[in-house]
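Trainee: from the sequence below, what's the structure:
(one chain, ligands or ions: 2)
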Amino acid sequence: MEVVLSDVLVVTGGTPLTGEVRVRGAKNLVSKAMVAAVLGHTPSRMFDVPRIRDVEIVRGLLELHGVRVTDGELDGELIFDPSNVERAGIDEINVHAGSSRIPILLCGPLLHRLGHAFIPDLGGCHIGPRPIDFHLEALRQFGAIVDKTPEGLHLSAPNGLHGIKFTLDYPSVGATEQILLTAVLAEGVTELANAAVEPEIVDLICVLQKMGAIIKVHTNRVIEIEGVSRLTGFTHRPIPDRIEAASWASAALATKGDIFVRGARQADMMTYLNVFRSIGGSYEVDDDPVGGGIRFWHPGGDLRPVVIETDVHPGFMTDWQQPLVVALTQANGLSVVHETVYENRFGYTHALNQMGATIQVYAECLGGADCRFGRRGFRHSAVIAGPAKLHAHDLVIPDLRAGFSHLIAALAAEGTSRVHGVDLINRGYEDFEAKLAGLGARTERPVTQAA
Ligand SMILES: CC(=O)N[C@H]1[C@@H](OP(=O)(O)OP(=O)(O)OC[C@H]2O[C@@H](n3ccc(=O)[nH]c3=O)[C@H](O)[C@@H]2O)O[C@H](CO)[C@@H](O)[C@@H]1O
Ligand SMILES: C=C(OP(=O)(O)O)C(=O)O
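Mentor: Ligands and ions are numbered 1, 2, ... in the order given. So this is what the prediction gives:
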């Protein structure tokens with residue numbers, strides 16, 4: 001009997017990726033909007049929800065907390081009815097331990113609804129220690145009692161939650177979301193300084209406003225939230241996934257291809273588009289509200305090297321980095337990428353070097369200003385020498401974006417690679433195998449003979 005080997009993809013490279021893919025709601029907004037639904041007293045509805053693993057995980061998590069999640073009539077439409085949250089038993093919550101980072105964002109909503117919360121261990125990509133100290137410090141100031149146990153976090157708020165004045169040491173996306181999701185129903189006003197203002201956060205603010213929240217975004221990263229006593233549900237169409245869109249753009253460049261990313265939106269990708277053009281890639285924006293997107297292609301000739309630094313918005317996003325580095329292995333000269341968001345996000349370059357790339361990583365802050373990680377031994381700057389002829393290799397995917405970059409490298413390389421751990425890519429890329437097939441990629445799941 002033949003058995004399909006799960007989690008392994010056999011990739012034969014050398015074919016330019018050409019055609020069209022569609023991106024739907026952003027992973028990094030959809031999961032947070034799902035959490036926001038817990039704050040409402042009436043059902044919420046979201047469109048364009050991608051079928052990705054992170055959405056499944058958060059759906060399971062909400063269901064355990066008593067939220068009834070149903071599929072709407074349209075493909076990608078989900079409805080969340082939180083009316084039973086107070087009556088849910090949550091005995092099995094630990095099945096979600098280590099699955100994603102989203103459970104931490106349930107603290108505020110559950111404290112408001114139930115007066116207590118249990119948060120299992122967090123998962124997410126292993127790209128640095130990813131502490132949650134800002135989250136916990138803010139929650140304590142709101143009035144929560146936080147008890148760390150070996151199984152997870154126990155929180156309670158015997159005296160309710162009250163508005164705070166808080167400054168983040170670093171504009172953390174998750175901590176900003178934590179404070180938003182807690183402050184909207186806290187008593188009084190919250191003032192958050194040094195907040196993250198990523199497009200996904202602005203979209204989360206839009207969701208919360210639709211629910212009845214009062215949130216002002218001031219200049220200089222200050223967000224002011226006036227607590228209200230009750231929120232309703234929302235109806236929302238999320239912003240498109242700018243990380244997935246940029247990943248396909250980098251795939252087009254690395255494979256000398258031509259990909260129309262339907263749904264990609266220029267406003268969220270300006271910084272990426274500037275870099276894409278500097279390297280020598282071409283793009284064309286079609287801003288038709290229905291069916292528009294961005295076409296990305298390699299116009300022929302040499303690609304040029306660049307010096308970039310990842311940063312908080314509106315800087316070059318850290319999640320764009322790994323797929324782009326594969327394209328930079330094909331540029332003519334030395335590129336420098338200074339990673340300033342995570343201290344340990346270049347592990348994947350080892351596999352690219354085994355495929356023929358020349359990438360050196362350094363502990364110094366190269367090519368930009370000094371960052372938090374300088375002089376602390378973290379190898380967070382990469383120098384990429386190109387153009388490199390990539391050849392096939394067996395690869396093991398370490399995390400989501402690194403995984404996509406390994407896949408692109410295998411597609412750009414000569415020969416046939418076996419890529420292990422590909423299911424991790426489902427965490428953030430909807431139907432990626434079908435999309436690859438539609439772009440002309442030669443991939444297959446290997447089969448073996450069962451005894
Ligand atoms: C599910 C989701 O939306 N994930 C995104 C989110 O992750 P996430 O919200 O986890 O990322 P953060 O913005 O919080 O992290 C940025 C930096 O702040 C540090 N930090 C964060 C919190 C804290 O309490 N203490 C602390 O020191 C982190 O270690 C990291 O060095 O934003 C990142 C930065 O755009 C993206 O790469 C992730 O894709
Ligand atoms: C780091 C990422 O996600 P998460 O925060 O879910 O691990 C990512 O999407 O690249």
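
Trainee: any idea how far Gly415 is from the residue of the chain found nearest ligand 1?
Mentor: Here the residue of the chain nearest ligand 1 is Gly174; by C-beta to the nearest ligand atom that distance is 2.8 Å. Where C-beta positions appear, they are placed from N, C-alpha and C, glycine not excepted. Counting by C-beta to C-beta, to the nearest Å, the separation of Gly174 from Gly415 is 40 Å.

Trainee: domains in this protein, as residue ranges please.
Mentor: 2-23+240-449, 27-236 (automatic domain parsing).

Trainee: and the ones you listed as JSON lines, adding mean pLDDT?
Mentor: Formatted as JSON lines, those follow (pLDDT from 0 to 100):
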{"stretch": "domain 2-23+240-449", "mean pLDDT": "95"}
{"stretch": "domain 27-236", "mean pLDDT": "94"}
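
Trainee: just put those in JSON lines and tack on mean neighbour count.
Mentor: As requested, those are exported to JSON lines (neighbours: other C-beta atoms under 10 Å):
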{"stretch": "domain 2-23+240-449", "mean neighbour count": "20"}
{"stretch": "domain 27-236", "mean neighbour count": "19"}
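
Trainee: could you dump these to JSON lines with distance to ligand 2?
Mentor: Below are the domains of the chain laid out as JSON lines (distance: least, C-beta to the nearest ligand atom, whole Å):
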{"stretch": "domain 2-23+240-449", "distance to ligand 2": "4"}
{"stretch": "domain 27-236", "distance to ligand 2": "3"}
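
Trainee: pairing partners for the helix or strand harbouring Phe296, with directions?
Mentor: Element membership for Phe296 (DSSP states H and E) is strand 293-297. Paired with strand 293-297 in the same sheet, following DSSP bridges, are strand 258-262 (antiparallel), strand 282-286 (antiparallel).

Trainee: now the end-to-end length of stretch 329-338.
Mentor: Distance between the two ends of stretch 329-338: 16 Å, counting by C-alpha to C-alpha, to the nearest Å.

Trainee: now stretch 103-111
Mentor: First-to-last distance for stretch 103-111 - C-alpha to C-alpha - comes to 13 Å.

Trainee: what comes into contact with that stretch?
Mentor: 32, 35-36, 38-39, 61, 65, 85, 96, 116-117, 119-120, 122, 132, 135, 139, 142, 144, 153, 155-157, 161, 174, 177-178, 181-183, 185-186 (C-beta atoms under 8 Å, 6 or more residues apart in numbering).

Trainee: repeat for stretch 172-181
Mentor: Outside stretch 172-181, the residues that reach it (C-beta under 8 Å, 6+ apart) are 28, 32, 35-36, 39, 101, 104-105, 107-109, 132, 134-135, 138-139, 164, 166, 168, 190, 192, 195-198, 200-201, 204-205, 208, 215, 223, 225, 312.

Trainee: just those: which are in helices?
Mentor: 28, 32, 35-36, 107-109, 134-135, 138-139, 200-201, 204-205, 208 (DSSP state H).

Trainee: and ligand 1, which of the residues you listed reach it?
Mentor: Contacts with ligand 1 within the ones in helices among the contacts of stretch 172-181, as defined by C-beta under 6 Å from any ligand atom: Asn28, Phe134, His135.

Trainee: and the first one, what does it touch?
Mentor: Looking back up the chat, that one is Asn28. Val173, Glu198, Glu200, Asp241, Ile243.

Trainee: now, the most widely separated pair of those?
Mentor: Val173 and Asp241 (14.8 Å; C-beta to C-beta).

Trainee: for Ser381, which non-adjacent residue is spatially closest?
Mentor: Leu366 (3.8 Å; C-beta to C-beta, 6 or more residues apart in numbering).

Trainee: typo on my end, Leu253
Mentor: Using C-beta to C-beta, 6+ apart, the nearest residue to Leu253 is Ala327, at 4.0 Å.

Trainee: hmm, the one you found is touching Arg304, no?
Mentor: No. Here Ala327 lies out of contact with Arg304, judged by C-beta atoms under 8 Å, at a distance of 11.1 Å.

Trainee: between the two, which contacts overlap?
Mentor: Joint contacts of Ala327 and Arg304 (C-beta under 8 Å, 6+ apart) are Ile279.

Trainee: Leu273: which of the ones in helices among the contacts of stretch 172-181 is nearest?
Mentor: Among the ones in helices among the contacts of stretch 172-181, and counting by C-beta to C-beta, the member closest to Leu273 is Glu200, at 17.9 Å.

Trainee: do I have it right that Gly163 meets Val184?
Mentor: No. Counting by C-beta under 8 Å, Gly163 sits too far from Val184 to count as a contact (10.3 Å).

Trainee: which neighbours do those two share?
Mentor: Common contact partners of Gly163 and Val184 (C-beta under 8 Å, 6+ apart): Ile225, Gly227.

Trainee: spell out the residue ranges of the helices in the stretch 251-400 of the chain.
Mentor: With helices called from DSSP state H, counting those that start in this stretch, the stretch 251-400 of the chain shows them at 270-279, 318-328, 349-354, 400-412.

Trainee: can the last one be found next to ligand 1?
Mentor: No. Contact check for helix 400-412 against ligand 1, using C-beta under 6 Å from any ligand atom: none in range, with a minimum separation of 8.1 Å.

Trainee: any idea which helix or strand comes after that helix?
Mentor: By DSSP H and E, the next helix or strand past helix 400-412 is strand 416-420.

Trainee: CA atoms only: put the helix or strand following that following strand into PDB for me.
Mentor: Using DSSP H and E, the next helix or strand after strand 416-420 towards the C-terminus is helix 432-438. Below are the C-alpha coordinates for helix 432-438, written out as PDB (Å, rounded to 0.1, in the frame of the first residue of the first chain):
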ATOM      1  CA  PHE A 432       0.300  27.300  -0.200                       C
ATOM      2  CA  GLU A 433       0.700  24.000  -2.100                       C
ATOM      3  CA  ALA A 434      -2.300  24.700  -4.400                       C
ATOM      4  CA  LYS A 435      -1.000  28.200  -4.900                       C
ATOM      5  CA  LEU A 436       2.500  26.900  -5.800                       C
ATOM      6  CA  ALA A 437       1.000  24.500  -8.200                       C
ATOM      7  CA  GLY A 438      -1.000  27.300  -9.900                       C
END
